[in-house]
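Engineer: sequence and predicted structure are below.
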Amino acid sequence: MQQLAALNWKVEQDCLVARQCPSLEVDQFQSALQQWLKDNDGTMPHIEWGADRLQCQFNCLGNQWLLHYETLCNALWIEPVQRSARSSIAALMHHLNRRIFTP
């Protein structure tokens, strides 16, 4: 479950992109995602699975975010739900990246 805890994020346009995406089965990813949100003070009000992708709406740092995980191209990114949260993308990146180095 540490695969998501060790992610390093970068800002790309109006979203955060994981520098390296873990390759996990659907049930492993969902379990790891729940732990990751718990570790990052986030809550997950909504999750949707498609044929090859997951979309998860979650709350963190007072904003709503949408996490995308695509299994075929092994990609993971986060974008704000509200346009007004775009200015908080860098704060979210620093919040998530600092968790990598904090015990």
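Structural biologist: Yep, that arrived.
Engineer: show me where the chain has helices.
Structural biologist: 2-5, 26-39, 89-101 (DSSP state H).
Engineer: what's the distance between the residue nearest the centre of the chain and Leu33?
Structural biologist: Central residue of the chain (C-alpha atoms, centre = their mean): Leu67, 4.7 Å from the mean position. As judged by C-beta to C-beta, to the nearest Å, Leu67 and Leu33 stand 7 Å apart. Where you see a C-beta, it was placed from the backbone N, CA and C, and this is true even at glycine.
Engineer: find the residues that touch each one of these two.
Structural biologist: 54, 56 (C-beta atoms under 8 Å, 6 or more residues apart in numbering).
Engineer: which intervals of the protein have sub-threshold pLDDT?
Structural biologist: 1-6, 26, 45, 98-103 (pLDDT under 70).
Engineer: let's see it at 80
Structural biologist: Residue ranges of the chain with pLDDT under 80: 1-8, 21-47, 49-51, 96-103.
Engineer: quick check: bridge partners of the spatially closest residue to Ile47 that is not a sequence neighbour?
Structural biologist: Nearest residue to Ile47, sequence neighbours excluded (C-beta to C-beta, 6 or more residues apart in numbering): Cys56, at 4.5 Å. Cys56 has these beta-bridge partners by DSSP bridges: Ile47, Leu67.
Engineer: now do the contacts for Cys56.
Structural biologist: With C-beta under 8 Å, 6+ apart, Cys56 has these contacts: 33, 44, 46-48, 66-67, 69.
Engineer: can you rerun that using 7 Å?
Structural biologist: Counting by C-beta atoms under 7 Å, 6 or more residues apart in numbering, Cys56 touches 33, 44, 47, 67.
Engineer: what's the answer for Phe29, then?
Structural biologist: Counted by C-beta under 7 Å, 6+ apart, Phe29 has contacts 54, 69.
Engineer: begin at 24 from now on, thanks
Structural biologist: Sounds good: first residue 24 from here, last item Phe52.
Engineer: return the distance of it relative to Leu90.
Structural biologist: For Phe52, the distance to Leu90 - C-beta to C-beta - is 10 Å.
Engineer: kindly reformat the helices of the chain as JSON lines containing distance to Arg42.
Structural biologist: Output for the helices of the chain, formatted as JSON lines (distance: least, C-beta to C-beta, whole Å):
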{"stretch": "helix 25-28", "distance to Arg42": "13"}
{"stretch": "helix 49-62", "distance to Arg42": "15"}
{"stretch": "helix 112-124", "distance to Arg42": "10"}
